[in-house]
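*Asks:* Curious how this folds, go ahead:
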Amino acid sequence: ATSLSYVSLVSALAGLQHFFVFVYVLLLSLFVPRILKEELSKNVVLLKIIAIALMIVGTWFISI
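*Replies:* Take a look at the predicted model:
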């Protein structure tokens, strides 16, 4: 992937992987709780969003 595009773009998209996993788990927990049971209180979701944002920002800082 890095040979086909800019390295910073590839690493930034790799940083978004955590966001997509979070969204998939959130949707599974809401619509199919028998497959995946996850605590969805406001504090837990907010903490996970902040952690994902920090990972994305950190990946962005490393890539520039």
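*Asks:* check contacts around N43.
*Replies:* In this structure, N43 makes contact with no residue, judged by C-beta atoms under 8 Å, 6 or more residues apart in numbering. Yep, even glycine has a C-beta here, placed from its N, CA and C like the rest.
*Asks:* do you know how far it is from R34?
*Replies:* From N43 across to R34, the span is 24 Å (C-beta to C-beta, to the nearest Å).
*Asks:* just A53 next, same as before
*Replies:* Counting by C-beta to C-beta, the gap between A53 and R34 amounts to 30 Å.
*Asks:* neighbour-wise, which of those two wins?
*Replies:* In terms of neighbours (other C-beta atoms under 10 Å), A53 is the more surrounded of A53 and R34; the figures are 12 against 6.
*Asks:* what's the spacing between that one and V21?
*Replies:* 14 Å.
*Asks:* what pLDDT, on average, does the biggest helix by length in the chain get?
*Replies:* Ranked by number of residues, the top helix in the chain under DSSP state H is helix 42-63. Averaging pLDDT along helix 42-63 gives 86.
*Asks:* what distance separates that helix from the centre of its chain?
*Replies:* 8 Å (C-alpha atoms, centre = their mean, to the nearest Å).
*Asks:* Look up phi and psi at L16.
*Replies:* Backbone torsions of L16, given as degrees, to the nearest 10, read phi -80, psi -10.
*Asks:* er, I35 actually
*Replies:* Backbone torsions for I35, taken as degrees, to the nearest 10, come to phi -80, psi -40.
*Asks:* can you check P33 too?
*Replies:* The phi and psi torsions at P33 (degrees, to the nearest 10) take the values phi -70, psi -20.
*Asks:* Which residues are in contact with the nearest residue to I49 once chain neighbours are set aside?
*Replies:* With C-beta to C-beta, 6 or more residues apart in numbering as the criterion, I49 has its nearest non-adjacent residue at 7.7 Å, and that residue is F22. The contact partners of F22, taken as C-beta under 8 Å, 6+ apart, are 48-49, 52.
*Asks:* now that we have the residues you listed, which one has the most neighbours?
*Replies:* Ranking these using other C-beta under 10 Å puts I52 first, with 19 neighbours.
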